[in-house]
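1. Fold the following and give me the result.
(2 chains)
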Amino acid sequence: METTHLSAGPTRLLPPDVSLPGRVETATFALG
Amino acid sequence: MRTRVGYAGGSTPSPTYHDLGDHSEALQVDYDPTQISYEQLLDLFWGSHAPTQPAFSRQYRSAIFVADKSQRTLAEGTRAAQSARRKRPLYTAVEPLGAFHRAEDYHQKYYLRRYGDLMREFAGYSDTEFVDSRVAARLNGCLGAGGTPEMIGEALTALGLPAATSRRFIDAAQRRRR
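-> Next up, the predicted model:
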C-alpha cells in the first residue's frame, strides 16, 4: 500500500490543532 | 476528538509492530464527555467487531482497556448485555489499561496517508502534531468509512476550518476518487 509521509515546509492548514477545548477523557479499545 | 493507534494490554517494555511481545493492537480516543459519552463509544465498539469470534492471535484480539472504575462498570455492563443479546459467550476482554505504547508514525492515520494531496496540507506539522490533529483524525475517519467529499466538507466545517481550506480538502478528495 502506497502511503505518504509528512514533508517539511510551511503548513498550508491552520496551526496544529492538537488541543481539545473542554474536558478530555480517554477510551482505549482493541478491535481484533 | 483525537485518535491514535498503538499497542496495549501487555508487559513488553517497548513494543514495535514487528515485535509486539504480549501486546495487542489498540485504538485510543481522546474525547470530550460533554460531546460524546463513554457509553456511546462502547456502542460503536460493540458494533465494530465480532466479539463471538475467537481471536486469531493475541496481536489481534478484542478488548476494552478501562482507565478507571467508572469505565470498568460501564464496559462490563455492556459486555453482559451483549452476551445476553447474542446468547453466546464473548471473547472480548475487559482489562485495566496499563501502559499504552503509541505505534510507529507510519501506522497513524492509515487512510489519510493514501491521499498525497491531503497530506500536503499538513506539511510543517511535526509527526506528533499530525497524529494528535483533530482535523487529521476526522479526515482519516471519513476516508476510512468511505465518506463522500460532501461528508468531508461538513466535518471540516464543523471543526471550524475556513471555507477555502475545506474546499481544498474536498477538491483533493475528489481528485483521488476519480
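
2. now do the same end-to-end measure for stretch B:83-102.
-> Stretch B:83-102 has its terminal residues 31 Å apart, counting by CA to CA, to the nearest Å.

3. buried sites along that stretch?
-> Judged by neighbour count using 16 or more other CB atoms under 10 Å in any protein chain shown, the buried positions of stretch B:83-102 are B:90, B:91, B:92, B:93, B:94, B:95, B:97, B:100, B:101. For glycine as for every other residue, the C-beta is placed from the backbone atoms N, C-alpha and C.

4. cool, and stretch A:23-32?
-> Buried-residue list, stretch A:23-32, by 16+ other CB under 10 Å: A:25, A:26, A:27, A:28, A:29, A:30, A:31, A:32.

5. what about chain A, any weak spots by pLDDT?
-> Residues of chain A meeting the criterion pLDDT under 70: A:1-3, A:7-16.

6. mind listing the strands for it?
-> Secondary structure of chain A by DSSP state E: the strands cover A:25-31.

7. mind listing the helices for it?
-> In chain A, no segments count as helices under DSSP state H.

8. Most proximal residue of chain B with respect to chain A?
-> Nearest to chain A, among the residues of chain B, is residue B:124, at 3.3 Å (CB to the nearest CB).

9. so what pLDDT did that residue get?
-> Residue B:124 is assigned a pLDDT of 83 by the prediction.

10. Now do the phi/psi pair for it.
-> When quoted as degrees, to the nearest 10, the phi and psi of residue B:124 stand at phi 100, psi -20.

11. Counting neighbours, what do you get for it?
-> Neighbours of residue B:124 under the rule other CB atoms under 10 Å in any protein chain shown: 17.

12. All the strands of chain B, in order from the start?
-> B:2-8, B:24-31, B:62-66, B:93-96, B:100-102.

13. Most tightly packed of those strands?
-> Comparing the strands of chain B on average neighbours per residue, with mean count of other CB atoms under 10 Å in any protein chain shown, the densest one is strand B:62-66 at a mean of 23.
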